[in-house]
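Peer 1: starting from these lines, generate the structure:
(4 chains)
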2 protein chains.
Amino acid sequence: MTWIIFFCECKVRTRAIDILDYQHPAVTVDIVLFTIMQEDLKVLLVQRNTEPFMGYWSLPGGFVQMDESLETAALHKLKEKTNVDDVYLEQLYTFGEIERDPRARVITITYYALVNSEKFTLHPSEAVSDVRWHSMYQQPALAFDHQRIIELALQRLRNKLGYTTLGLQLLPEKFTLPELCRVYEIILNRQIDKRNFRKKVAFLDILEDTQETTQEFSKKPAKLYRFKQNENLEIQLGSKNVFDPKIPRSLTGQ
Amino acid sequence: MTWIIFFCECKVRTRAIDILDYQHPAVTVDIVLFTIMQEDLKVLLVQRNTEPFMGYWSLPGGFVQMDESLETAALHKLKEKTNVDDVYLEQLYTFGEIERDPRARVITITYYALVNSEKFTLHPSEAVSDVRWHSMYQQPALAFDHQRIIELALQRLRNKLGYTTLGLQLLPEKFTLPELCRVYEIILNRQIDKRNFRKKVAFLDILEDTQETTQEFSKKPAKLYRFKQNENLEIQLGSKNVFDPKIPRSLTGQ
DNA sequence: TCAAAAGTGTTGTGTGTACACCCATGT
DNA sequence: ACATGGGTGTACACACAACACTTTTGA
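Peer 2: Numbers count the residues shown, from 1 in each chain, chains lettered A, B, ... in the order given. Next comes the predicted model:
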């Protein structure tokens, strides 16, 4: 009898703990916003003006409000800091180590985002003193676990570059092939053979010729291309992988 | 009952505003636990006995406690439901739509996990009436957005199968090549050429011959292999991708 | 005429895929 | 002897990687 009562009590109390007395951790979003400027891969950082980590740089982000989805929250934070709202945004990972914020239990859902440099220069919020672009390859000291987050974002970006058309997000509407190639070189941090690159892009058939040229980057005019908007962002090319036979090698095959 | 709880919850959350000037959403973890049994891919599901979605099936999971990291929380929930604790666990995605739980704002960090069938049969918690394995290819009606979560998990599992050795997590320590091949066939839901499969596995050089054989599955004895534990889980094989030239094609090259 | 970047083809090699038969054993 | 699943080799196709010279223009 006692056991039954105890059992019931436990059950009730467990539910009570879950729903009533349960302490909710704080939830934030943090965004790794990439762009390419001055032939360099940049990340947007914000300088902290409060403890902890006062003076350190951190990712733009903030608390998730009750009336916004995670993605919306991320977009809001970005808009707040940069005034840019046309970005490519993708969830990265969720960090929830107990001690990642010394003040309280904070779980952060991280995103990474890409803006093309042109859109950015139209809203040069870098003027705001405590919000600045930093070279990915030369960062200041970062607060919390943000270093780790940025590294993961870069890794993901590099990976996805290979099987998606993500790179196009970093360029204006019209761009030249050498420009696109440079985007890849900058992100991957290594040289790419331009002949092979052109060949692959041509084969993908995701660009259309605008019939225009530009001499912005060279004396010889370079053709300007535009991304075929109707094309899917996820491009599956080439041999897929180890244990995946029986898929015919055609673009339509996936 | 539900209404009382809901009311109380509102009250508590209102107080939270006063104190922190910020409402914290509830945070849960949900786990998609896969195994292979009876030549079929199974997912562990729990039948709900409360509203909302009473009677529907849902993923094992629960609230994240303040003193456990997300991954720890996920492991705890699994242990609770299945008594299995030696699993491969990996974060999947975080869902935070405002309306995903009709009761309150709940953000869930989802994981997927793999157990080998042998470990599972040692702790047959399927006996527990409201916790059961269901065929991935024939599921009951699912609560919340759990259908979507499971689908994402399957997709991820299939993808990762190609460039990792994840499949090995679903087998006991010693296994035969036909068994491993069957794991891939079951998960990918398609036939695989066994000659090509063996060739690739041999080339990967991640298995060691145990010098033993088994006749469990056939009359002709099949060699038993063991996973070389020191090998990395992430195997990069074959051509990498579209925009990634200049990487020599060697296993050491990554 | 020179410098600077755009543009262009070919070849070898590795990896994916298709395909058919013999082997070892229990019944 | 036969049924069952284990085990093996070859040939073709395709994508990746390496590589060097010509073209167009501005200065």
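Peer 1: in the longest helix seen in chain A, which residues are buried?
Peer 2: For chain A, the longest helix by residue count, based on DSSP state H, is helix A:146-163. Buried positions in helix A:146-163, judged by neighbour count with 16 or more other CB atoms under 10 Å in any protein chain shown: A:146, A:149-150, A:152-154, A:156-158, A:160-163. For glycine as for every other residue, the C-beta is placed from the backbone atoms N, C-alpha and C.
Peer 1: go on, stretch A:28-48?
Peer 2: Buried residues in stretch A:28-48 (16+ other CB under 10 Å): A:28-36, A:41-48.
Peer 1: give the contact list for the residue nearest the centre of chain A.
Peer 2: Centroid check for chain A by CA atoms, centre = their mean gives residue A:112 as the closest residue, at 1.8 Å. By CB atoms under 8 Å, 6 or more residues apart in numbering or on different chains, residue A:112 lies in contact with A:31-34, A:89-90, A:92, A:153, A:156-157.
Peer 1: three-state assignment of it?
Peer 2: Following DSSP: H, G, I helix; E, B strand; the rest coil, residue A:112 is assigned to strand.
Peer 1: before we move on, what about residue A:36?
Peer 2: strand.
Peer 1: hmm, it is touching residue A:43, no?
Peer 2: No - the pair residue A:36 and residue A:43 does not pass the contact test of CB atoms under 8 Å, sitting 11.0 Å apart.
Peer 1: circling back to that earlier point, please produce a markdown table containing the buried residues of helix A:146-163, extended by distance to DNA strand D.
Peer 2: A markdown table is the format used below for the buried residues of helix A:146-163 (distance: CB to the nearest atom of the strand, whole Å):
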| residue | distance to DNA strand D |
| --- | --- |
| A:146 | 32 |
| A:149 | 29 |
| A:150 | 26 |
| A:152 | 24 |
| A:153 | 24 |
| A:154 | 20 |
| A:156 | 19 |
| A:157 | 18 |
| A:158 | 14 |
| A:160 | 15 |
| A:161 | 13 |
| A:162 | 8 |
| A:163 | 9 |
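Peer 1: which one of the residues you listed is nearest to residue B:74?
Peer 2: residue A:152 (18.9 Å; CB to CB).
Peer 1: ok, that closest one to residue A:91 distance?
Peer 2: Residue A:152 is 12 Å from residue A:91, where distance means CB to CB, to the nearest Å.
Peer 1: anything in contact with each of the two?
Peer 2: Here residue A:152 and residue A:91 have residue A:110 as joint contacts, going by CB under 8 Å, 6+ apart.
Peer 1: so where do the strands sit in the stretch 1-150 of chain A?
Peer 2: A:26-37, A:40-47, A:57-58, A:61-63, A:88-95, A:106-114, A:131-135 (DSSP state E, counting those that start in this stretch).
Peer 1: for the fourth one, packing partners?
Peer 2: Using 3 or more CB pairs under 8 Å, 6 or more residues apart in numbering or on different chains; DSSP states H and E as the contact criterion, the secondary-structure elements in contact with strand A:61-63 are strand A:26-37, helix A:70-82.
Peer 1: the ones you listed: lowest mean pLDDT?
Peer 2: Among the helices and strands packed on strand A:61-63, helix A:70-82 carries the lowest mean pLDDT, at a mean of 92.
Peer 1: next, the angle from that one to strand A:88-95.
Peer 2: If you take axes from the mean of the first three to the mean of the last three CA atoms, to 10 degrees, helix A:70-82 sits at 110 degrees to strand A:88-95.
Peer 1: helix A:70-82 vs chain B: in contact?
Peer 2: Yes - residues of helix A:70-82 are located near chain B by CB under 8 Å from any CB of the partner chain, namely A:70-71, A:73.
Peer 1: swap in stretch A:152-169?
Peer 2: Yes - counting by CB under 8 Å from any CB, chain B is contacted by stretch A:152-169 at A:161-163, A:167.
Peer 1: of all pairs in these, which one is the farthest apart?
Peer 2: The widest separation within the residues of stretch A:152-169 next to chain B (CB to CB) is 11.3 Å, between A:163 and A:167.
Peer 1: could I get the contacting residues of the residue nearest to residue A:32 when sequence neighbours are not counted?
Peer 2: Of all residues not flanking residue A:32 in the chain, residue A:153 sits nearest, at 3.8 Å (CB to CB, 6 or more residues apart in numbering or on different chains). Neighbouring residues of residue A:153 by CB under 8 Å, 6+ apart: A:32, A:34, A:92, A:110, A:112.
Peer 1: for those, which one is nearest residue B:205?
Peer 2: Of those, the one sitting nearest to residue B:205 (CB to CB) turns out to be residue A:92, at 32.8 Å.
Peer 1: which one is the closest one nearest to, not counting chain neighbours?
Peer 2: Residue A:92's closest residue in space is residue A:110 (CB to CB, 6+ apart), at 4.3 Å.
Peer 1: dig out what that neighbour forms beta bridges with.
Peer 2: Counting by DSSP bridges, residue A:110 is bridged to residue A:30, residue A:93.
Peer 1: roughly how far does it sit from residue A:86?
Peer 2: The gap separating residue A:110 from residue A:86 is 20 Å, by CB to CB.
Peer 1: also residue A:112?
Peer 2: Residue A:112 is 16 Å from residue A:86, where distance means CB to CB.
Peer 1: repeat for residue A:185
Peer 2: 25 Å.
Peer 1: between these two, which one's more packed in?
Peer 2: residue A:185 (17 against 9; other CB atoms under 10 Å in any protein chain shown).
Peer 1: in contact with the more buried one, which residues?
Peer 2: A:191-192.
Peer 1: confirm it sits in a strand?
Peer 2: No - using three-state DSSP, the assignment for residue A:185 is helix, not a strand.
Peer 1: how near is it to DNA strand D?
Peer 2: Distance, residue A:185 to DNA strand D, using CB to the nearest atom of the strand, to the nearest Å: 13 Å.
Peer 1: ok, residue A:155 next?
Peer 2: Here residue A:155 is placed at a distance of 18 Å from DNA strand D (CB to the nearest atom of the strand).
Peer 1: want to try JSON lines for the strands of the stretch 1-150 of chain A, with distance to DNA strand D as columns?
Peer 2: JSON lines is the format used below for these (distance: least, CB to the nearest atom of the strand, whole Å):
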{"stretch": "strand A:26-37", "distance to DNA strand D": "22"}
{"stretch": "strand A:40-47", "distance to DNA strand D": "21"}
{"stretch": "strand A:57-58", "distance to DNA strand D": "35"}
{"stretch": "strand A:61-63", "distance to DNA strand D": "36"}
{"stretch": "strand A:88-95", "distance to DNA strand D": "22"}
{"stretch": "strand A:106-114", "distance to DNA strand D": "22"}
{"stretch": "strand A:131-135", "distance to DNA strand D": "26"}
